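Chemist: Okay, predicted coordinates and the sequence, questions at the end:
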Amino acid sequence: MKELLEILQGNSRISTAELASMLQTPEEEIKNQIALLEQEKIILSYNTLINWERYGEEFVTAVIEINLTPQREVGFDALAERICRFDEVRAVYLMSGNFDLLVEVQGKSLKEISTFVATRLSTIEGVTQTRSHFMLKAYKKDGIILEDKEQDRRLVVTP
């Protein structure tokens with residue numbers, strides 16, 4: 001099943017017939033494995049990575065370092081789950097080191113994100129400090145180089 005997951009992670013649009021051929025497994029068995037993986041919440045979603053900037057849409061993305069006061073019996077989990085529910089939030093990670101949570105947020109403007117941090121995120125009881133870092137340019141995301149100028153890596157040979 002791990003090989004199936006790795007293939008789907010690289011290309012979720014691949015057909016079950018192609019998967020069956022690649023894995024030398026009957027297509028019906030592939031369909032059943034995928035259904036089971038979805039049911040067990042191992043496969044959570046099928047995503048498309050879009051270069052919105054190239055399309056003409058612009059977003060501002062920031063990562064916010066957050067320090068928290070852990071809550072009795074639940075630690076950081078309850079606050080992290082609450083932060084996950086905001087529409088602006090793209091990802092939340094519990095971290096080791098100088099801060100507790102790393103939160104990725106996205107908005108239409110710098111002002112929209114700063115307003116979100118100032119009025120909604122930093123006002124949550126238990127949030128003791130936030131530090132915002134705005135992303136200036138993305139070069140690679142989810143293992144994909146966004147603008148690969150070096151697509152043909154073969155050496156040019158002339159007679």
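Modeler: Looks like it came in fine.
Chemist: residues in contact with residue 3?
Modeler: Neighbouring residues of residue 3 by C-beta atoms under 8 Å, 6 or more residues apart in numbering: residue 23. Glycine gets a C-beta too; all of them are placed from N, C-alpha and C.
Chemist: ok, longest helix in the chain?
Modeler: helix 27-39 (DSSP state H).
Chemist: from the chain's centre, how far out does it sit?
Modeler: 24 Å (C-alpha atoms, centre = their mean, to the nearest Å).
Chemist: Kindly tell me how buried residue 5 is, as a neighbour count.
Modeler: 14 (other C-beta atoms under 10 Å).
Chemist: For this structure, which segments count as helices?
Modeler: Listed in chain order, the helices of the chain (DSSP H) span 2-10, 16-23, 27-39, 52-55, 77-84, 110-116.
Chemist: helices and strands around the fifth one, which ones?
Modeler: On a contact count with 3 or more C-beta pairs under 8 Å, 6 or more residues apart in numbering; DSSP states H and E, helix 77-84 meets strand 89-94, strand 101-107.
Chemist: List the buried residues for that helix?
Modeler: 79-80, 83 (16 or more other C-beta atoms under 10 Å).
Chemist: quick one: buried residues of stretch 15-34?
Modeler: Those would be 19-20, 23, 30, 33-34, for stretch 15-34 by 16+ other C-beta under 10 Å.
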